[in-house]
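[1] Got a predicted structure plus its sequence, pasted below:
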Amino acid sequence: MSGTQPLTVRVSRFDPETDEEPRYEIYTVDANEGARVLHVLHAIHDDLDPTLSYRYCCGSGQCGSCAVRVNGEPALACMKEAEDGMTVEPLNLPVIKDLTVDLAPLLDKLAASTTADDAELPTKQEIEAIKPLRDCIECLSCVSECPAITVAEFLGPTHMRQEMRIALDPRCTDDRIEKAIEEGLFTCTTCQRCVQVCPKQIKTPGRAIEKLREIANRRGLTLPRHVEVANLVRDTGRSVVRTEATFLEQVPEVIEPDAPVRGEVGFFVGCMYNGRVPQNALDMIEVMKRNGIRVIVPHDQVCCGSPLIRTGQTWVLEALKKKNIEAFESRGITTVMTMCAGCGSTLKNDYDTPFEVKDVSEILTEYGIEPPEPLDLRATYHDPCHLLRGQGISAQPRELLRMAVREFVEMPNQCCGAGGGVRSGLPEEAAALGKLRHEEIEKTGAEIVVTICPFCEFHISENTDRPVKNICSVLLEGYREKDRKKGGPAG
Amino acid sequence: MHADDVVRCHVLVIGSGGAGARAAVEAAAYGDTVMISKTLIGKGGCTTMAEGGYNAVLRELDGCPMHVEDTLRGGAYLNDAALVDVLVTEAPERMADLVRWGAVFDVTDDGQVAQRPFGGQRFPRTCYAGDRTGHEMMMTLAERLRASPVEHVQETTVIELLRDGDRVSGAVALDRRGEMVVICADATVLATGGGTQVYDISTNSAAGTGDGYALGYRAGAELVDMEMVQFHPTGAVYPYDARGRLITEAVRGEGGVLLNAAGERFMHRYDPDRMELSTRDVVARAIATEVLEGRGTAHGGVYLDVTHLAAGTIEERLPIMLEQFLQFGVDIRTQPMEVAPTAHHLMGGLRITPDAATTVPGLFACGEVTGGVHGANRLGGNALADTQVFGKRAGESAGRAPVRVHSVDIARVDAQYDRLDAFFEGTAPPSTFTDRLKLAMWRDAGIFRTEAGLRSLSATLTELSVEKPKAAAPANLLECCTVENMIILSSLIVSGALLRRESRGAHVRTDLETAWPPEASPFGHTYQSLRAKGIEEART
C-alpha cells in the first residue's frame, strides 16, 4: 500500500425532515493513494460523522447507486478519483438525506416490457442494435441534469432510452410510441447534456430520441410545425422562408481578403445565417478579410438537414447530404467552416465528409487573429449545446472573447431551449428555458451576451433585455473601434 | 406495535438480486407477493456485477451429463448430486425464459445464443452479454417485475425472521430511517446472496454481508459446507481502496494469460493441461503461491495480459474491463492488468432440497445463500444459472405453500426492539468491528488455513461478539445488525473449516496431509445449526 494524504472536502448535508435548507460541512480525512470519492465518504462516515447518508453498493461502476455531483458535475462516487478541495453534493433530484436522492419513483417509471410467450431470439443484427441502449446502469445522472424536465412534462432521457430499447426489440409486443410522446418525446432539445454526464456515454438523443421521433414520423405523429419545416426544406432546400436578401444573394463565390492570403476555407452558411440573420455572417466575412483568410462560398449549398434529423424526419436527408458534399468537394475545398453550431455538429457527426469541418472559432484561433480594440463592456458567453457538447468546443470562443472585451465573466452552461425543434414545436417550453438563461445572465451583471449559434442568438435575445451578439460581430466592432482610435479607415 | 404496521402477503421474498427477482416473478402467479430488499432493484446483490456468463447446455455437441460431470469434478465431488442434476437440466429452460422475456444476450451469426469457454469445463457453454451478463439479467428481470403485481419494498432490510411455532412466518425489517416494519407471510424465500464482505479483499458488493446465513441460522435452519469459500483468482490490486474488484474470468476465457513478475507463464507448473482455464481454486492457489514465493509484482499480484488480442476483440468482448481499467489509468489493450485472489463466493449455505425447501418449514432459499449445489468449488458461470433455476423453484414452492392464518409473535418482535435499543449503548463504531473482522478473516480463513490460525481467529470472533457496536442514530441501527450478521457468518466459516480435516476444493488445510483424492474422501458435508454441528461421512 502506498502512503496516505490528507484531503479536505466539502459535503452537502440536508435532512428535509428537520432542515430548512442544505448546508455544507467541511471534513478532512486521510485518503490512500488513488482513493475514489466513495472511499472519502466512507472515511467521513466511519471516523467523523456516522450520520452522513449516501448510497453505494457494487463499488465498481456497475450498479449506478452512488452517483453524486463532484464539483458540480455528476459522477459515480466509486469510480471518480477523490481530490483535495472537492465539493460533493447530491444529484439534482429530490433529496432523502444528505447525498441520498429518491431514485425509486423515477426507476419505477421506466417502461416495463411485455413479450409474447413464443418470442424468439432476435438476430445478431437486431441484438447489436439494442446493445448500446442496454449499458445503462440507471444512475439517473441524465435525469438529474436534463433541462427539459425543469420546464416541461418529460420523464427523462433514460426513459426514452428504455422506450427505444423496447421499440427495437422484435420480442416486445407493445407499440409504445404514443406512450413515449406522452412521456415527453418532443420536449428534448437534444442538448446532449445527458450524454455528457452519462458514466456509460450512452448517446440517448441520437440513438433513442431522434430514432423514436423517426418512428413517430412514420406514424404521422410528428408535430405539425415540424412537418411544415420538412416540407419547406423539400420544396426550397432551406428551413427558413426568404423574407429579405439572403447572405448567398449578397456575396460572391470567392471572397478575397484585404490582407495577404494566409489561408482558405469553404463556408457552409446554414439556413439561419443565410436567411434570418445574414448580417452576422457578413460581419464574419469582414473579420476573415482583415485576417487574410480567403472564403469560398458555394452558392449551390442547401440546408444541412439538422432540423430534420433532430425531429425524426430523415426522409429527405440523403439528397441534402449529397448536394452539400458535392458543392464543396467539386470546388476542391479541404476545410469547410461552419458558423452555425447546429450545422457544424451535423456535418461533423451525421455526415461522412471528404473534407474537414471546423467551427469559425477553431479557424480564427488556429490562424491567430489581429487583436481588436477591447470593447469597454462586461460580457458573458453562452455555450451553444451543439458547439460545446456536439463539437467539444469551449476554449476557442473564450479565447476570442477575452481579446474582444474589457471583462469576461462565466455563467453556468445550460441549453437555451432553442434546439431539437423545441423552439418551433413547443414554444412555451423554449421560452421557459430562455427565461432561465435570462436569470443566469442577470446574475453575471454582464452588459452583453456573446455566443456562436444563430438559434441561441435569436432565442436568447427574445428572452433577455441584454444584447446578444455573435462573436464575429463583437470582433468586428473591436476592429472598427481600433480604426476609429487610429483615425484610420473604418472596416 | 399496531396491527396496521404489519404487511401481510402470501409469499415474502427477501432479496432482489437474480435469485430473489426470479423467485418473485414466479411466486406472483400464486398470490400476493412482496419482495423486500436492502437495496434498490438492479443495484444490490452480486448478480448485477456478474460479468462473465451463464452456463447452459444448448448445443448438440454438448450434453447434460458432461455439464454434470464438470460441475461435480470442479466441486471436488462434495456437491449434492440431486441439486446438480436440477441445475444442469433446467439451466437451458431458465435461459429460454430470459430470452423470451427480452434479455439481450450475445448471439452468433447463425442465430444462437453465443457461448464462450470458461474454466473447468470441457465445452464452451457459458452464455454471455459481453462482460455485463448479470447486469443484463437484472435489467430483464426488472422489466418483467415492473409488469408484474409484485410489491417491492426497497431499501428496507430484514433483521430477523419471524416464527410461528416451528415455522418461519415472515420477517422484521428496518427501513432507511431505522423504523421497524413487520411482514407476515405464508411462505418466505431467503434470497439474500453471499457474504464475502467478511473478508478484507472481496469482489462482493457492499450488500454481500451474509445476512441470510445469519437470519437462517438464528431461525434454526441447517447450513452446510460453510468453510467452502471461493477465492476468485483475479481481483484488482490497485488502487488500494478498490482492491478485490472482480476481473472477470472471461478475460482468461477470451485468451488472457497469467505471467509472474519475471514474465513467466507460470500456470504450466500448476495445471499444464488446462493452464489459465483450470478451476478457480487451482488458479487462485497458483497466483497466491507465486506471490508468497517472491515472484509477484510490486503491488502484490501477478500480471493478467490480453495485449496479444486484437484491440477490437477487447473492445467488443470485454468493454467493462476496458472501461474500468482506463479509469484507473491502465489501457488493457496495451498494458497488462495486475491481479491477485479475492474472496468471491460462498459455496456453503442453507441446506435445501431440490424444491428449494430449507430444513425449517415455511422457509425456502435460493441462490448463493444456499449450499450443496457447487460443492467445494463453483465453476464460473454456474452461479448465474443457479439464481434462475433455484429462484424459479423457490418461488414456485413458496407460492404453492398453503394459505395460513397469520399471527405475529409479539414477544419475538419485542425482542428485536430490545436488541436495537442495546445498540445505542454500544462501545465502538460498527466499522471498528468490521475492519478487525475482515483482516482477521483474510489472514486466518483465507486461501491457506491451519488449525492454530482458525482457533486464534475463533477467539477474535468471540471477543468481537461480546462487545456491542454503537448506533449514533436510528439510521445506524442497521449497520449494527449487519456487524452481528458478519460475526455469525464468520463463525460459521471458521467452525466449518475446523470441522473439515482435509484439503478439498477451495478449502486448504496446510497443517494436514490429505491422503485421498476428493472422489475418495471419507467426508461429506459439514453441517451446522443451532442444535448440532459436525461432518457427515461420504455417501457411497
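    Ah, there it is. Residues are numbered from 1 along each chain as shown, chains lettered A, B, ... in the order given.
[2] Please report the distance of A:A148 from chain B.
    Distance, A:A148 to chain B, by CB to the nearest CB, to the nearest Å: 23 Å. (Glycine included, C-beta is placed from N, CA and C.)
[3] State the three-state secondary structure for that residue.
    Here A:A148 is helix, with the state taken from DSSP: H, G, I helix; E, B strand; the rest coil.
[4] wait, doesn't it sit right on A:F186?
    No: look at A:A148 against A:F186 with CB atoms under 8 Å: they stay out of range, at 9.6 Å.
[5] Overlap in contacts, these two.
    Here A:A148 and A:F186 have A:V422 as joint contacts, going by CB atoms under 8 Å, 6 or more residues apart in numbering or on different chains.
[6] Spell out the residue ranges of the helices in the stretch 151-300 of chain A.
    If DSSP state H, counting those that start in this stretch is used as the criterion, the helices of the stretch 151-300 of chain A fall at A:157-168, A:177-182, A:193-197, A:204, A:210-218, A:224-236, A:247-250, A:271, A:278-290.
[7] what does the stretch 401-540 of chain B have sitting close to chain A?
    Contact residues (CB under 8 Å from any CB of the partner chain) of the stretch 401-540 of chain B with chain A: B:P429, B:P430, B:S431, B:A472, B:A473, B:A475, B:N476, B:E479.
[8] Make a ChimeraX selection of the buried ones in those.
    Command for ChimeraX, covering only those of these found buried under the criterion 16 or more other CB atoms under 10 Å in any protein chain shown:
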select /B:429,430,431,472,475,476,479
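[9] What is the nearest of the residues of the stretch 401-540 of chain B next to chain A to A:L212?
    Of all these, A:L212 sits closest to B:A475, with 41.0 Å by CB to CB.
[10] so how many other residues sit close to the spatially closest residue to B:R295 that is not a sequence neighbour?
    For B:R295, ignoring the flanking residues on the chain, the nearest one in space by CB to CB, 6 or more residues apart in numbering or on different chains is B:N260 at 4.1 Å. B:N260 has 21 neighbouring residues, counting by other CB atoms under 10 Å in any protein chain shown.
[11] returning to that earlier point: just give me the closest of the residues of the stretch 401-540 of chain B next to chain A to B:V282.
    Proximity of those to B:V282 (CB to CB) peaks at B:S431, which lies at 34.8 Å.
[12] Residues of the stretch 201-350 of chain B that sit close to chain A?
    Within the stretch 201-350 of chain B, the positions adjacent to chain A are B:205-207, B:238-242, B:245-246, B:319-320, B:323-324, B:327-328 by CB under 8 Å from any CB.
[13] Tell me both backbone torsions, phi and psi, for the residue nearest the centre of chain A.
    Among the residues of chain A, the one closest to the centroid is A:C385, at 2.5 Å (CA atoms, centre = their mean). Main-chain dihedrals, A:C385, degrees, to the nearest 10: phi -60, psi -40.
[14] so who does it touch?
    By CB under 8 Å, 6+ apart, the residues touching A:C385 are A:T189, A:T190, A:C191, A:Q192, A:R193, A:A341, A:C415, A:G419.
[15] and which of the residues you listed is nearest B:L145?
    Of those, the one sitting nearest to B:L145 (CB to CB) turns out to be A:R193, at 30.0 Å.
[16] Now that closest one: closest residue in space, sequence neighbours ignored.
    Nearest residue to A:R193 in three dimensions, chain neighbours excluded: A:E145, at 5.1 Å (CB to CB, 6+ apart).
[17] swap in A:G184?
    Once flanking residues are discounted, A:G184 sits nearest to A:F154: 3.2 Å by CB to CB, 6+ apart.
[18] Same question for A:C385.
    A:C191 (3.9 Å).
[19] okay, now residue 325: neighbour count?
    I'll assume chain A. Neighbours of A:I325 using other CB under 10 Å come to 18.
[20] my bad, the chain I had in mind was chain B
    For B:F325, the count of nearby residues is 19 (other CB under 10 Å).
[21] Repeat that for B:M49.
    26.
[22] was I right about it contacting A:G64?
    No: B:M49 is beyond contact range of A:G64, at 11.5 Å (criterion: CB under 8 Å).
[23] most residues in a single helix of chain B, which one?
    helix B:477-499 (DSSP state H).
[24] just chain A next, same as before
    In chain A, taking DSSP H as the definition, the longest helix is helix A:427-444.
[25] So which bits of the next helix or strand after that one are buried?
    Remark: after helix A:427-444, the chain's next helix or strand is strand A:448-451, criterion DSSP states H and E. Within strand A:448-451, the residues scored as buried using 16+ other CB under 10 Å are A:I448, A:V449, A:V450, A:T451.
[26] now stretch B:96-116
    Counting neighbours by 16+ other CB under 10 Å, one finds that the buried residues in stretch B:96-116 are B:97-107, B:113-116.
[27] Which pLDDT does the model give the residue in the stretch 151-300 of chain A positioned nearest to chain B?
    Across the stretch 151-300 of chain A, the shortest distance to chain B (CB to the nearest CB) belongs to A:R171, at 5.3 Å. pLDDT, A:R171: 95.
[28] Is chain A within reach of the helix or strand encompassing B:I159?
    Under the criterion of DSSP H and E, B:I159 resides in strand B:157-164. No: using CB under 8 Å from any CB, strand B:157-164 stays clear of chain A, coming no nearer than 12.8 Å.
[29] is it true that A:V233 touches A:W315?
    No: the criterion here is CB under 8 Å, and A:V233 misses it with A:W315 at 10.4 Å.
[30] Show the low-confidence segments of chain B, by residue range.
    Residues of chain B that meet the criterion pLDDT under 70 lie in B:1-4, B:540.
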